[in-house]
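Visitor: Coordinates for the following, if possible.
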Amino acid sequence: MARVACIQLALDDSLTKEQRISTVEGLLDREKGADLILLPESWPVGFFSFDRYEEASEPLQGLIADRMSTKAKELGAYLLAGSFIEREGDKLYNTSLFFDPSGSLLAAYRKIHLFGYGSRESEILTRGSQVVVVDTALGKIGLSTCYDLRFPELYRQMVDLGAEIFLVTSAWPYPRVEHWTVLNRARAIENQAYLISCNFGGTNCGKPFLGRSMVVDPWGTVLATAGDGQAVVRAEIDREVVASCRQEFPPLRDRILRWPEKCPGGGIQ
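Guide: The predicted model follows:
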């Protein structure tokens, strides 16, 4: 069994980047004993603070990576350190960092699906292109970010790479509550995997986030969730549940289409 903690932040817009980091470090310290800790999307700047993206950006191995690496090591936990605005040359990315209990950076995932509906994310940022699955002592973990939840093919590709657990860092706003709750469960059910999401609470630039971070098991049961304010969602997961679910119930084994294969015989039937 592994203990999971999703820290659902609600940060005031007036906080500086340093104040945000210090606040998050203090909240992380309260979760000592957890095996896996998640933070939300774009917490160092605020998702809707598009006019601050450039000034808040930093290289992959910058201040955020250094401070979060140190905290993962201190806590002896796997840490999905949410996402930050990564700068590489003249490009900006929405990048999430995943550390192991020694503080080593296991993976960096650049958000593939950028949001353009009422958002400048797709205008300012460059999309990622790499599907990321990491082998850990907790199981094989696939990384994703917010809007990615609407694209089931990404999660299928992660399953084909062996994923047993999906982690989602997010800043999902109101009013699309039902979309969020259904998609969290759907991605878990259709892939017979755990899905653990950490969403923002509170507001940013006057736009309210819906919170409701959750842990969903491979059968689609919500093991733990929260409201829309600051909260910590805690639960226990067991990779053996993934194995038993997939062994007992056959949809993954019964698949005909697999990436990048096509239906046998081809053409339209």
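Visitor: Give me the pLDDT for the residue nearest to residue 34 when sequence neighbours are not counted.
Guide: Of all residues not flanking residue 34 in the chain, residue 5 sits nearest, at 4.1 Å (Cβ to Cβ, 6 or more residues apart in numbering). Every residue, glycine included, has its C-beta placed from N, CA and C. Note for residue 5: predicted pLDDT of 98.
Visitor: Helix or strand: which one has residue 5?
Guide: For residue 5, the host element (DSSP states H and E) is strand 2-8.
Visitor: quick one: the strands in the protein?
Guide: If DSSP state E is used as the criterion, the strands of the chain fall at 2-8, 36-38, 78-88, 91-99, 105-110, 133-136, 139-145, 165-169, 194-198, 203-204, 207-208, 214-216, 222-225, 231-237.
Visitor: just checking, what packs against the strand holding residue 5?
Guide: Here strand 2-8 touches helix 17-29, strand 36-38, strand 194-198, strand 214-216, strand 231-237, going by 3 or more Cβ pairs under 8 Å, 6 or more residues apart in numbering; DSSP states H and E.
Visitor: Export these as CSV, with columns for mean pLDDT.
Guide: What follows is the helices and strands packed on strand 2-8, written out as CSV (pLDDT from 0 to 100):
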stretch, mean pLDDT
helix 17-29, 98
strand 36-38, 99
strand 194-198, 98
strand 214-216, 98
strand 231-237, 98
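Visitor: most neighbours per residue, which of the ones you listed?
Guide: Each of the helices and strands packed on strand 2-8 was scored by mean neighbour count; the highest is strand 194-198, a mean of 28, by mean count of other Cβ atoms under 10 Å.
Visitor: Adjacent strands (with direction) for that one?
Guide: Sheet pairing of strand 194-198 (DSSP bridges) gives strand 165-169 (parallel), strand 214-216 (antiparallel).
Visitor: That one to strand 139-145, inter-axis angle?
Guide: 40 degrees (axes from the mean of the first three to the mean of the last three Cα atoms, to 10 degrees).
Visitor: now strand 194-198, how far from the centre of its chain.
Guide: With Cα atoms, centre = their mean, to the nearest Å as the basis, strand 194-198 stands 7 Å off its chain's centre.
Visitor: That concludes my questions; thank you for your assistance.
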